[in-house]
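A.B. asks: please find the sequence and the predicted model below.
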Amino acid sequence: MNELLQPFSLTGKVALVTGASSGFGRHFAMVLSQAGAKVVLAARRTALIQAEADKITACGGEAMAVTMDVTSSASISAALDEIEAAFGVVTVVINNAGITIPKLLLDLSDDDWTGVIDTNLTGVAYVARETARRMIAAGVGGSIVNIASILAERVQKALTNYAASKAAVVQFTKAAALEFAQHNIRVNALCPGYFNTDLNSEWLKTSDGQALITRIPQRRAGTLTELNGPLLLLASDAGSLMTGSAVTVDGGHVLSEL
């Protein structure tokens with residue numbers, strides 16, 4: 001490998017991706033494998049992630065699927081035990097699991113609120129806490145990448161629970177980075193804007209979707225491959241002096257004029 005690119009390699013690393021059954025998580029898992037990591041795909045239901053793990057294996061990588069509910073410490077611990085038995089200690093964590101329940105605040109039920117906060121914020125904290133504990137016990141450093149959103153910086157209607165959770169993820173990232181730095185564990189956040197995924201590609205073609213795109217300075221949504229560089233920067237030794245950062249990848253969307 002080119003000496004300049006060597007720091008981006010994840011060879012010898014064990015990488016965990018939560019919420020790996022679709023969208024960002026599914027894409028991130030393949031990217032991490034291509035960078036040399038042994039990849040663990042985690043989700044509450046394993047049928048889809050097992051299929052994705054099989055694809056990675058078919059491409060020559062090493063991958064496994066584990067059942068994990070990020071809102072349950074017991075589920076996280078059991079999954080990590082399974083991972084360690086197969087691959088060893090997780091040293092790269094992509095905290096990607098997240099949900100959205102788009103409703104106006106006046107229409108949100110208690111369950112609508114707590115469901116999003118529990119998955120998007122509490123889940124991030126629980127996974128970061130348990131993986132960091134195990135890195136420290138093993139005497140190894142690592143990198144935790146929390147997937148936030150441009151909704152941590154700007155707002156839209158009908159997304160109060162989601163925006164609050166993602167803003168909290170950014171501040172959690174900074175606080176955890178401060179605490180974990182002495183253990184050589186870096187914690188950073190990735191804040192994507194709008195990207196073409198299975199969930200929103202058709203919506204982006206609608207009049208509402210096109211209206212949103214006109215407010216992005218680059219006048220387009222992102223493609224998933226445009227997250228590869230930022231992801232690998234934060235996950236690998238290429239970003240070895242970065243901790244507590246929130247990296248925005250959005251075509252300038254948060255810079256749009258009021």
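C.D. replies: Alright, I've got the coordinates. Treat the numbers as computed from the prediction; the structure is a model and nothing was measured. Residues are numbered from 1 along each chain as shown.
A.B. asks: which residue is the nearest non-sequential neighbour of residue 91?
C.D. replies: Nearest-residue entry for residue 91: residue 142, 3.9 Å, with adjacent residues in sequence omitted and distances by C-beta to C-beta, 6 or more residues apart in numbering. Where C-beta positions appear, they are placed from N, C-alpha and C, glycine not excepted.
A.B. asks: the one you found and residue 114, how far apart?
C.D. replies: Relative to residue 114, residue 142 is positioned 30 Å away (C-beta to C-beta, to the nearest Å).
A.B. asks: between the two, who's got more neighbours?
C.D. replies: Neighbours were counted for residue 142 and for residue 114 using other C-beta atoms under 10 Å; residue 142 has more, 25 against 14.
A.B. asks: residue 135 is in contact with that one, correct?
C.D. replies: Yes - at 4.7 Å, residue 142 and residue 135 qualify as touching, with contact defined as C-beta atoms under 8 Å.
A.B. asks: quickly list what's touching both of the two.
C.D. replies: Common neighbours of residue 142 and residue 135, counting by C-beta atoms under 8 Å, 6 or more residues apart in numbering, are 90, 91, 185.
A.B. asks: could I get these in JSON lines, plus columns for secondary structure, neighbour count and distance to residue 28?
C.D. replies: Below are the shared contacts of residue 142 and residue 135 laid out as JSON lines (DSSP: H, G, I helix; E, B strand; the rest coil; neighbours: other C-beta atoms under 10 Å; distance: C-beta to C-beta, whole Å):
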{"residue": "90", "secondary structure": "coil", "neighbour count": "26", "distance to residue 28": "14"}
{"residue": "91", "secondary structure": "coil", "neighbour count": "23", "distance to residue 28": "15"}
{"residue": "185", "secondary structure": "strand", "neighbour count": "23", "distance to residue 28": "19"}
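A.B. asks: tabulate those residues (JSON lines), appending pLDDT and distance to residue 122.
C.D. replies: Output for the shared contacts of residue 142 and residue 135, formatted as JSON lines (pLDDT from 0 to 100; distance: C-beta to C-beta, whole Å):
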{"residue": "90", "pLDDT": "99", "distance to residue 122": "19"}
{"residue": "91", "pLDDT": "98", "distance to residue 122": "23"}
{"residue": "185", "pLDDT": "99", "distance to residue 122": "20"}
